[in-house]
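>>> Provided below are the primary sequence and the corresponding predicted coordinates.
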Amino acid sequence: GQQLNQSPQSMFIQEGEDVSMNCTSSSIFNTWLWYKQEPGEGPVLLIALYKAGELTSNGRLTAQFGITRKDSFLNISASIPSDVGIYFCAGHGSSNTGKLIFGQGTTLQVKP
Amino acid sequence: DGGITQSPKYLFRKEGQNVTLSCEQNLNHDAMYWYRQDPGQGLRLIYYSQIVNDFQKGDIAEGYSVSREKKESFPLTVTSAQKNPTAFYLCASSIIVGNQPQHFGDGTRLSIL
């Protein structure tokens, strides 16, 4: 089945630094979604991408849908302590069953 | 406010017992989903429903059952056949099944007594 590889697995950064994480797939995806999850809560949708090459921002967050349709990245600029959490990429594959495939998550910790 | 409500927040199960997790949405979404989350892992799909009175098995359906009698509600039963039920369970919904973002509830944490 389709799988997503998300990296890095975890990051520990200083407040104010920029952050970059990415997801890759062995097969083509039709959509890419980025979620943030805080402890004990459900994932919250940050950015949704629908077209290859699409670059979308949401405040300090920017995500791109890779040209090959097999990857996506998320950047966070000027990190702040409330950025702490687990970031998941997810995507809909070419089978169009509607099933979302999730990456394993990137745990972000920000030191004030 | 529109959203997805899961209850209870915490649930404990005894050996041999079935337990039911509630999920209600007022977003008027046709599609609903149940995921299981284990530490350090991504979300795995248990069951999903495209429309009322319809549901399909996901990747890890064994030991679980669902019903979809109303558009707003998609309860999940963790049966005694599920030998390793301790996990964080997340319910989600989307407008339709397809290339649509899914929106999640705040989860139910199930533990074994």
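Cool, got the structure.

>>> show me the contacts for the closest residue in space to B:Ser67 that isn't next to it in sequence.
Distances taken as CB to CB, 6 or more residues apart in numbering or on different chains put B:Pro75 closest to B:Ser67, at 6.1 Å, once the chain neighbours are dropped. C-beta here means a position set from N, CA and C on the backbone, and glycine is covered the same way. Shown in contact with B:Pro75 (CB atoms under 8 Å, 6 or more residues apart in numbering or on different chains): B:Thr20, B:Leu21, B:Ser22, B:Cys23, B:Val66, B:Ser67.

>>> endpoints of stretch A:70-85, how far apart?
The straight-line separation of the ends of stretch A:70-85 (CA to CA, to the nearest Å) is 25 Å.

>>> now do stretch B:47-67
Length of stretch B:47-67, first residue to last, CA to CA: 10 Å.

>>> give the buried residues for it.
The neighbour-count criterion (16 or more other CB atoms under 10 Å in any protein chain shown) identifies B:Tyr47, B:Tyr48, B:Ser49, B:Gln50, B:Phe55, B:Gly58, B:Ala61, B:Tyr64, B:Ser65, B:Val66 as the buried residues of stretch B:47-67.

>>> got a list of contacts for it?
If you take CB under 8 Å, 6+ apart as the criterion, stretch B:47-67 is touched by A:1, A:98-99, B:30-34, B:36, B:44-46, B:68-71, B:74-79, B:81-83, B:85, B:96-97.

>>> try stretch A:83-91
Stretch A:83-91 has contacts (CB under 8 Å, 6+ apart) with A:4, A:6, A:19, A:21-23, A:25, A:29-39, A:43, A:46, A:72, A:74, A:76, A:100-103, A:105-110, B:42-43.

>>> buried among those? Need that as a selection in PyMOL.
In PyMOL, selecting the buried portion of these, with burial taken from 16+ other CB under 10 Å, looks like this:
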select buried, (chain A and resi 4+6+19+21+22+23+25+29+30+31+32+33+34+35+36+37+43+46+72+74+76+100+101+102+103+105+106+107+108+110) or (chain B and resi 42+43)
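
>>> any of the contacts of stretch B:47-67 buried? List them.
For the contacts of stretch B:47-67, a burial check counting by 16+ other CB under 10 Å picks out A:98-99, B:30-34, B:36, B:44-46, B:68, B:71, B:74-76, B:78, B:82, B:85, B:97.
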